[in-house]
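Colleague: coordinates only, no sequence provided:
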């Protein structure tokens, strides 16, 4: 099978297309022949070394396709089933992969491989952020950064389905228009505007109950200033770089604020949590209240180009590699 590997960390140029033996599933595992592979910002962190991995390494944590073989003891899947996964050791950038059966899910009818690969990791991220990390309630106001990105688009739609007011930020007028089309109540061009001041104006000085921030360094200071008293800052990404150390007392001075840096994998740690998160996402997709747009696709041999587009913020919605 063809797969993407890298031997040293660095820019997109370190990604290499290689030929590897197709793996065989062991006990408790399944072999999935990929039909679509999801790209996520965490992939760029692994490639760059921000999140260290043992080298040489594969890349990617999300894909969907048809189960080709099952290992001993597997009852959750059988050959021919559609399966999707998000997580585990990097290696999804390949034509096939072996994964633990209890870490994969079976999309329901109406959810094909492309939609599953585009939606699973980003959608389960939105699910835990909105429903469990900070349980957003109808009538509350949420600040959503990078609202035209893969997770951001889902957050905006899901928050509106809950009944919240959404203040979205975007980096360009095209992306701002996309956020408005998804239902955002207010959209701020954060590169051109003091977004914290604008948030205060929109909320009549009160601030927001929760801010979901995947941008990181560039928006950290402004996000802190955007929170209401006892507001929650959910920092879940570093698209512009890691947040530098800061004085914890600033949370007290800002109004007894809460700050959390969660990861999806701590919220789908058990098979039961995984199934519940995926089921909630698939229900939202089936209802039509959340739609996932595949904004761009690349071939497996175009992985480096896909990373350049992702890091250059030149993508809209979800990005797929198609083997």
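Modeller: Done, it's in. These numbers were taken from a predicted model, which means no experiment stands behind them. Numbers count the residues shown, from 1 in each chain.
Colleague: what about the residue of the chain positioned farthest from its centre, which SS state?
Modeller: The C-alpha centroid of the chain is most remote from residue 72, which lies 32.0 Å away (CA atoms, centre = their mean). Following DSSP: H, G, I helix; E, B strand; the rest coil, residue 72 is assigned to coil.
Colleague: separation between it and residue 24?
Modeller: Using CB to CB, to the nearest Å, residue 72 is found at 11 Å from residue 24. C-beta coordinates here come from the backbone N, C-alpha and C atoms, glycine included.
Colleague: residues in contact with the residue farthest from the centre of the chain?
Modeller: Under the criterion of CB atoms under 8 Å, 6 or more residues apart in numbering, the neighbours of residue 72 are 26, 27, 28.
Colleague: can you pull the contacts of the last one?
Modeller: Applying CB under 8 Å, 6+ apart, we find residue 28 in contact with 71, 72, 73, 74, 100, 101, 102.
Colleague: could the residues you listed be laid out in CSV, adding pLDDT?
Modeller: Compiled in CSV, the contacts of residue 28 are given as follows (pLDDT from 0 to 100):
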residue, pLDDT
71, 98
72, 97
73, 97
74, 98
100, 97
101, 98
102, 97
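Colleague: now the two most distant members of the residues you listed.
Modeller: The distance between the two most remote of those (CB to CB) is 13.9 Å, for 72 and 102.
Colleague: my read: residue 313 touches residue 170, true?
Modeller: No. Counting by CB atoms under 8 Å, residue 313 stays clear of residue 170, with 9.9 Å between them.
Colleague: so which of those two has more stuff around it?
Modeller: Using other CB atoms under 10 Å, the more surrounded residue of residue 313 and residue 170 is residue 170, with 26 against 17.
Colleague: so what's the more buried one bridging to?
Modeller: residue 189 (DSSP bridges).
Colleague: the closest residue in space to residue 319 that isn't next to it in sequence and residue 309: what is the separation?
Modeller: With CB to CB, 6 or more residues apart in numbering as the criterion, residue 319 has its nearest non-adjacent residue at 4.2 Å, and that residue is residue 39. Applying CB to CB, the value for residue 39 to residue 309 is 9 Å.
Colleague: and if you look at residue 257?
Modeller: 35 Å.
Colleague: returning to that earlier point: residues contacting the residue nearest to residue 319?
Modeller: Residue 39 neighbours (CB under 8 Å, 6+ apart): 60, 306, 307, 310, 318, 319, 320, 321.
Colleague: so which of these is the most crowded?
Modeller: residue 318 leads these on contacts (other CB under 10 Å) with 29 neighbours.
Colleague: ok, now which ones touch that residue?
Modeller: 38, 39, 118, 119, 122, 150, 292, 293, 294, 295.
Colleague: list just the nearest of the residues you listed to residue 195.
Modeller: residue 150 (20.6 Å).
Colleague: so residue 55 sits against residue 7, correct?
Modeller: Yes. The pair residue 55 / residue 7 is scored as a contact, 6.0 Å apart, by CB under 8 Å.
Colleague: okay, and the common contacts of those two?
Modeller: With CB under 8 Å, 6+ apart as the test, residue 55 and residue 7 reach no residue in common.
Colleague: off-centre distance for stretch 62-71?
Modeller: 21 Å (CA atoms, centre = their mean, to the nearest Å).
Colleague: contacts for that stretch?
Modeller: Residues contacting stretch 62-71 (CB under 8 Å, 6+ apart): 24-38, 40, 77-87, 92, 96-97, 101, 107, 113-114, 116-117, 120-121.
Colleague: please narrow these to those residing in strands.
Modeller: 29-38, 82-86, 96-97 (DSSP state E).
Colleague: okay, and the nearest residue to residue 130 once chain neighbours are set aside sits in which element?
Modeller: Nearest non-adjacent residue to residue 130, counting by CB to CB, 6+ apart: residue 136, 5.0 Å away. Using DSSP states H and E, residue 136 sits within no helix or strand.
Colleague: what is the neighbour count of residue 136?
Modeller: So residue 136, with other CB under 10 Å, has 23 neighbours.
Colleague: hmm, residue 211 and it touching each other?
Modeller: No. Between residue 136 and residue 211 no contact is recorded; they are 11.4 Å apart, counting by CB under 8 Å.
Colleague: mutual contacts of those two, please.
Modeller: residue 142.
Colleague: next up, phi/psi of the nearest residue to residue 194 once chain neighbours are set aside, please.
Modeller: Leaving aside its chain neighbours, residue 194 sits nearest to residue 222 (7.3 Å; criterion: CB to CB, 6+ apart). The phi/psi pair for residue 222 (degrees, to the nearest 10) reads phi -70, psi -30.
Colleague: residue 222 and residue 181, how far apart?
Modeller: 24 Å.
Colleague: the two: which is more packed in?
Modeller: residue 222 (23 against 11).
Colleague: show me the contacts for that one.
Modeller: 190, 194, 195, 196.
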